[in-house]
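Visitor: heads up, no residue letters with this:
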């Protein structure tokens, strides 16, 4: 009998091949699994995506056939099997081989079962000579070259290596709230690193994300506009300061989870003139972006992203920022932020407008990569 964890991981990885997002799929589909199966499914899915180029090289190394020529079901099952055999120490070899082959049969690719079995039985933990830096670091060559130019080769390598590690978990514990989990404080008030235990009653939120809202210098009673609010973590963090908030997003389904916050919600396209008669003391523009600062937890992004996507997003970001500036009260403050590492989405968008700017880099700073700039009117 196939394990629920591997069956789910296989299904999710196939959906990711067709354009799905791993984190969303895991969140939606592991709710009814016990914690051990949910954890294994997440480990297989995210690990397989993080190391995808290495795994594809190993498929050809052990089989003589390029991974790209295999049917998607066979390719995904082989990636899963190789990942478990080479990268996970506690998985019995027979389990990873047998279940990967059974997944291929279940997907009606029975003719490839013998081939897959033979390939997986060759897999060991011996060192492999990777053919190039891109495969060794499991990132597209063009993205590494960009980071080399922007941050230097040493920092670029550190970013890539950080993206291959399982990210640490951080939680938001507002003043006056207690948690049964074992946590460790960070240098950001209310942000704690999770050491162990149940996170029930507190919100999981990366330390990079939690570093943005303090830049707004929020005060009780101020009017606050969160223009690209979903999924709402930063909105909830801002409400701790006693502001009067309005949260917006372009998609009604994405903004719906914010209803529990008890604030005004508006569905709008932030590229268009905003529908508010008043201006706001504080505005957060956490802009849509490539997400290259979050590749440890969203690894499929690096395999989908194209260089031209960065320029297209820059146009969107500039339009949103222009609309937001029109809604900022004189003497007010706006923070523009992204979870991108790319200068086109960051420094170039706020050029000539920003005062202070900060950057968080994976491999140098804990948590996801972020950029933020404060703009005063």
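Guide: Perfect, thanks for sending it. Model, not experiment: these values are computed from the prediction.
Visitor: domain-wise, how is this structure divided?
Guide: Per automatic domain parsing, the structural domains of the chain span 4-129, 207-376.
Visitor: let me have those domains in CSV, adding mean pLDDT, mean neighbour count and distance to residue 146 as columns.
Guide: In this view, the C-beta of every residue, glycine as well, is placed from N, C-alpha and C. Shown next, in CSV, are the domains of the chain (pLDDT from 0 to 100; neighbours: other Cβ atoms under 10 Å; distance: least, Cβ to Cβ, whole Å):
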stretch, mean pLDDT, mean neighbour count, distance to residue 146
domain 4-129, 95, 18, 17
domain 207-376, 96, 19, 7
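Visitor: in CSV: those domains, plus distance to residue 135.
Guide: Putting these into CSV (distance: least, Cβ to Cβ, whole Å) gives the following:
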stretch, distance to residue 135
domain 4-129, 5
domain 207-376, 13
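Visitor: what's the closest of these to residue 140?
Guide: Smallest distance to residue 140 across the domains of the chain (Cβ to Cβ): 6.1 Å, for domain 207-376.
Visitor: for residue 301, which non-adjacent residue is spatially closest?
Guide: Leaving aside its sequence neighbours, residue 301 sits nearest to residue 291 (Cβ to Cβ, 6 or more residues apart in numbering; 5.1 Å).
Visitor: dump the residue contacts of that neighbour.
Guide: 298, 301, 339, 340 (Cβ atoms under 8 Å, 6 or more residues apart in numbering).
Visitor: tell me who's in contact with the second one.
Guide: Spelled out, it's residue 301. Per Cβ under 8 Å, 6+ apart, neighbours of residue 301: 290, 291, 292, 294, 295.
Visitor: mind listing what residue 155 touches?
Guide: Residue 155 neighbours (Cβ under 8 Å, 6+ apart): 147, 361, 363, 364.
Visitor: likewise residue 68?
Guide: By Cβ under 8 Å, 6+ apart, the residues touching residue 68 are 56, 75.
Visitor: assumed it was part of a strand.
Guide: No - counting by DSSP: H, G, I helix; E, B strand; the rest coil, residue 68 is not found in a strand; it is helix.
Visitor: distance of it from residue 13?
Guide: In this view, residue 68 and residue 13 are 16 Å apart by Cβ to Cβ, to the nearest Å.
Visitor: what does residue 344 give?
Guide: In terms of Cβ to Cβ, residue 344 sits 31 Å off from residue 13.
Visitor: got the end-to-end distance for stretch 341-360?
Guide: Across stretch 341-360, the terminal residues are separated by 9 Å (Cα to Cα, to the nearest Å).
Visitor: starting at the chain centroid, how far to it?
Guide: Here stretch 341-360 is found 20 Å from its chain centre; the criterion is Cα atoms, centre = their mean, to the nearest Å.
Visitor: give me the contacts around that stretch.
Guide: With Cβ under 8 Å, 6+ apart, stretch 341-360 has contacts from 146-147, 150-151, 159, 208, 211, 215, 287, 289-290, 292-293, 310-311, 313-314, 317-318, 321, 325, 336, 338, 340, 361, 367-376.
Visitor: what's the answer for stretch 282-289, then?
Guide: Contacts for stretch 282-289 (Cβ under 8 Å, 6+ apart): 212-213, 216-218, 222-229, 234, 238, 243, 270, 313, 316-317, 320-321, 324, 327-328, 332-340, 342, 345, 349.
Visitor: check stretch 99-111 too.
Guide: By Cβ under 8 Å, 6+ apart, the list of residues contacting stretch 99-111 reads 2-3, 6-7, 10, 71, 73-74, 77-78, 80-81, 84, 112-113, 116-117, 120.
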